[in-house]
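Colleague: Give the three-dimensional model of this entry:
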Amino acid sequence: MKNNGINIKTKLISKYLSKDLSQNLHRSTNINVLLNRVKNNQKNEKRKKLYFSFSVSAGLILFAIVIFN
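Modeller: All right, here's what the predicted structure looks like:
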């Protein structure tokens, strides 16, 4: 059997010792993209709440019609 433990150990150590410059670069985020995403998420949540409340109301009305007739 081959001893792969040493090979894996050296790969793990080399991963942390490498001096990769792409990891050290400062990344910026566009605030407008984030604000638009938040606005769209809020719109979707309002829409979901509205659909849910309409469906619950319709269910209660149908239940009341069936029970009281």
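Colleague: Mind checking the pLDDT average for the helix or strand containing Phe52?
Modeller: Per DSSP states H and E: Phe52 is located in helix 31-68. Helix 31-68 carries an average pLDDT of 96.
Colleague: same for that helix, what does it pack against?
Modeller: Counting contacts by 3 or more CB pairs under 8 Å, 6 or more residues apart in numbering; DSSP states H and E, helix 31-68 is packed against no other helix or strand. Placement of C-beta: from N, CA and C, glycine included.
Colleague: heads up, I number from 412, so please use that
Modeller: Fine by me, first position is 412 from now on; the one you just mentioned is helix 442-479.
Colleague: chain center to that helix, what's the gap?
Modeller: In terms of CA atoms, centre = their mean, to the nearest Å, the centre of helix 442-479 is found 20 Å from the chain centre.
Colleague: now stretch 417-428
Modeller: 32 Å.
Colleague: okay, now Asn443: neighbour count?
Modeller: 8 (other CB atoms under 10 Å).
Colleague: Quick check: it vs Asn455, distance?
Modeller: Separation of Asn443 from Asn455 (CB to CB, to the nearest Å): 19 Å.
Colleague: Could you do Ile472 as well?
Modeller: 26 Å.
Colleague: Three-state assignment for Arg438, please.
Modeller: coil (DSSP: H, G, I helix; E, B strand; the rest coil).
Colleague: which ones are touching it?
Modeller: Not one residue lies near Arg438 by CB atoms under 8 Å, 6 or more residues apart in numbering.
Colleague: and the gap between it and Leu445?
Modeller: From Arg438 to Leu445 the distance is 13 Å (CB to CB).
Colleague: again, but for Tyr462
Modeller: 26 Å.
Colleague: repeat for Glu456
Modeller: Taking CB to CB, one finds Glu456 at 17 Å from Leu445.
Colleague: Pro453: neighbouring residues, count only.
Modeller: Rather than Pro, residue 453 is Gln. Quick note: Gln453 (other CB under 10 Å) scores 10 neighbours.
Colleague: What of the one 10 residues further on?
Modeller: If you count neighbours by other CB under 10 Å, Phe463 ends up with 10.
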